[in-house]
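Visitor: would you be able to build a 3D model of this:
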Amino acid sequence: MPDDSSAVPERARGTRRPRPDRDDPQADGKRHQSDDRIARGGFRRSARLASLPLGFAGRSALGLGRRLGGAPAEQVSEQLQQKAAEQLFKVLGELKGGAMKFGQALSLFEAVLPDDVAGPYRQQLARLQDSAPPMPTSRVHAVLARELGPRWRDSFSSFSAQPAAAASIGQVHRAVWADGRQVAVKVQYPGADEALRSDLRQIGRMSKVISPLAGGMDIQPLVDELTERVSEELDYTLEAAAQAQAAAGFAGDPEFVVPGVLASTQRVMVSEWVEGRSLNTAFELSQEERNRMGLAYVRFLFAAPARVGLLHADPHPGNFKMLPDGRLGIIDFGLVARFPDGLPPAMGRILRVAENGDAARTAEQLRTEGFIVSDVDAQDVLDYLAPFVEPAAVPEFEFTRDWMREQFVRVRDVRANNGVAMKINLPPEYLLIHRVWLGGLAVLAQLNARAPFNAVLRELLPGYED
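Guide: From the prediction side, this is the model:
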């Protein structure tokens with residue numbers, strides 16, 4: 001239930017016996033020493049992260065013992081994967097910071113994992129996108145007082161003590177603004193900056209030993225990309241500016257809802273509340289509804305650069321809400337790429353030329369844009385790109401886990417198409433586009449969505465119709 005005590009003046013609250021776990025900051029700190037803020041100690045956090053591969057190795061040894069004892073191999077494997085998934089969620093979720101952000105990014109790509117690995121991990125990793133152990137109320141209030149001033153309560157007619165959602169560097173509380181509007185109050189965890197950087201460094205150093213927990217996925221590029229974007233996500237004023245820009249551009253839109261921003265500081269942001277189910281839960285819907293939501297999801301990813309000059313660069317489904325009126329709500333603009341003139345027209349032109357099967361022109365335009373910097377056979381390039389071009393080349397395309405997994409395995413194979421993957425370069429201006437493109441494909445595969453995606457490109461991708 002919401003905690004409305006913030007709306008009541010201190011002198012009107014009556015006398016009650018103090019409770020150590022709520023009223024005494026010192027007692028609160030002692031009781032919640034393990035979870036009142038992100039654990040900052042490098043040794044402590046490193047030890048927790050180290051427990052992941054060590055625990056995996058220990059369970060493997062235990063599994064071998066069970067098999068020698070007569071237990072079926074399938075049963076042992078299933079139990080080991082389930083235990084590994086539970087441990088992964090427990091450690092990454094409790095640490096928050098970079099550990100949880102890594103888990104969120106990993107959960108986005110669970111569609112590429114083998115079925116025997118993805119099954120038990122799917123549910124556990126998905127939970128990382130929407131939940132984590134909350135910080136105590138006293139800590140939340142301390143951050144609000146420091147960021148919004150000692151009279152921060154005057155801005156709200158009520159403020160829920162329990163977080164409505166939690167993420168890697170902050171948690172969201174539901175509240176009512178002084179004018180009666182329902183709002184979401186994002187509060188950054190104390191020590192988030194230090195913990196975020198520390199965790200990502202540690203995970204990077206341990207990438208090879210953590211890899212078995214990720215189904216053999218090479219996690220170093222993922223960690224590198226997350227590390228490069230740390231500073232942008234830690235400053236909520238940057239996020240507020242991007243969200244306000246998007247909210248203004250999509251105001252009154254029949255398809256999309258971007259909540260307006262009411263107030264922001266570096267560590268606190270207040271925006272309008274968006275009521276709806278997370279896109280994470282769309283797998284429970286009918287095929288027709290999943291198709292519709294998948295199409296809306298893709299339309300927004302392309303519409304935002306075209307309409308407001310912003311690419312939402314964190315495409316995991318926890319950032320998208322299915323509203324009761326059928327519209328798609330979009331939250332969390334902590335990571336965006338700015339394209340004042342929309343996506344690069346060359347992107348649409350290259351895709352269209354590749355779709356038409358012109359190998360020479362495809363390679364030529366890729367070289368012009370800096371994607372190819374060495375000698376490469378044009379047909380090898382076209383053959384390498386062909387599966388990614390396929391969704392644009394047909395009136396409707398169905399994304400499946402099998403299709404996504406096949407592309408993931410193919411791209412990782414350095415021998416495929418005469419090693420062309422090793423000769424393709426990614427220009428800096430395309431880094432976040434690449435992240436969104438791959439992340440979007442992964443989400444569509446999770447949804448098993450079928451829709452006319454070609455029509456979206458024709459309408460919203462610059463250069464495609466030229």
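
Visitor: Leu262 sits in which helix or strand?
Guide: strand 261-264 (DSSP states H and E).

Visitor: surely Leu366 forms part of a helix?
Guide: Yes. Secondary structure of Leu366 (DSSP: H, G, I helix; E, B strand; the rest coil): part of a helix.

Visitor: can you pull the contacts of it?
Guide: With contacts defined as CB atoms under 8 Å, 6 or more residues apart in numbering, the neighbours of Leu366 are Ile350, Ile372, Val381, Ile424. For every residue, glycine as well, the C-beta is placed using N, CA and C.

Visitor: grab the nearest non-local neighbour of the third one.
Guide: The one in question is Val381. Closest residue in space to Val381, ignoring its immediate chain neighbours: Ala363 at 4.9 Å, by CB to CB, 6 or more residues apart in numbering.

Visitor: tell me, how many residues neighbour that neighbour?
Guide: Residue neighbour count, defined by other CB atoms under 10 Å, stands at 24 for Ala363.

Visitor: rewinding a little: the helix or strand just after the strand holding Leu262 pairs with which strands?
Guide: Per DSSP H and E, the first helix or strand lying C-terminal to strand 261-264 is strand 268-272. Applying DSSP bridges to the sheet, strand 268-272 is found paired with strand 182-188 (antiparallel), strand 261-264 (antiparallel).

Visitor: now those strands in JSON lines, with distance to Ser198 and mean neighbour count?
Guide: Shown next, in JSON lines, are those (distance: least, CB to CB, whole Å; neighbours: other CB atoms under 10 Å):
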{"stretch": "strand 182-188", "distance to Ser198": "16", "mean neighbour count": "22"}
{"stretch": "strand 261-264", "distance to Ser198": "26", "mean neighbour count": "20"}
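
Visitor: any idea which of the ones you listed gets closest to Gly318?
Guide: Ranking those by proximity to Gly318 (CB to CB) places strand 182-188 first, at 13.7 Å.

Visitor: contact partners of the closest one?
Guide: Against strand 182-188 from outside (CB under 8 Å, 6+ apart): 140, 143-144, 156, 159, 164, 169-177, 234, 236, 259, 262, 266-275, 331.

Visitor: buried members of these into PyMOL, please.
Guide: To isolate the buried subset of the contacts of strand 182-188 in PyMOL, counting by 16 or more other CB atoms under 10 Å, use the following:
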select buried, resi 140+143+144+156+159+169+170+171+172+173+174+175+176+177+234+236+259+262+267+268+269+270+271+272+273+274+331
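
Visitor: among the contacts of strand 182-188, name the ones in strands.
Guide: Assigned to strands by DSSP state E, the following of the contacts of strand 182-188 qualify: 156, 159, 164, 170-177, 262, 268-272.

Visitor: how many residues are close by Glu233?
Guide: Other residues near Glu233 come to 24 when the count uses other CB under 10 Å.

Visitor: how far away is the nearest residue to it once chain neighbours are set aside from Phe256?
Guide: Counting by CB to CB, 6+ apart, Gly334 is the residue found nearest to Glu233 once chain neighbours are left out, at 4.2 Å. Here the distance between Gly334 and Phe256 works out to 18 Å (CB to CB, to the nearest Å).

Visitor: between those two, who's got more neighbours?
Guide: More neighbours sit around Gly334 than around the other of Gly334 and Phe256, counting by other CB under 10 Å; the figures are 26 against 20.

Visitor: tell me which element that one is part of?
Guide: Following DSSP H and E, one finds Gly334 outside all helices and strands.

Visitor: and it, how far is that from Ile169?
Guide: Using CB to CB, one gets 8 Å for the distance from Gly334 to Ile169.
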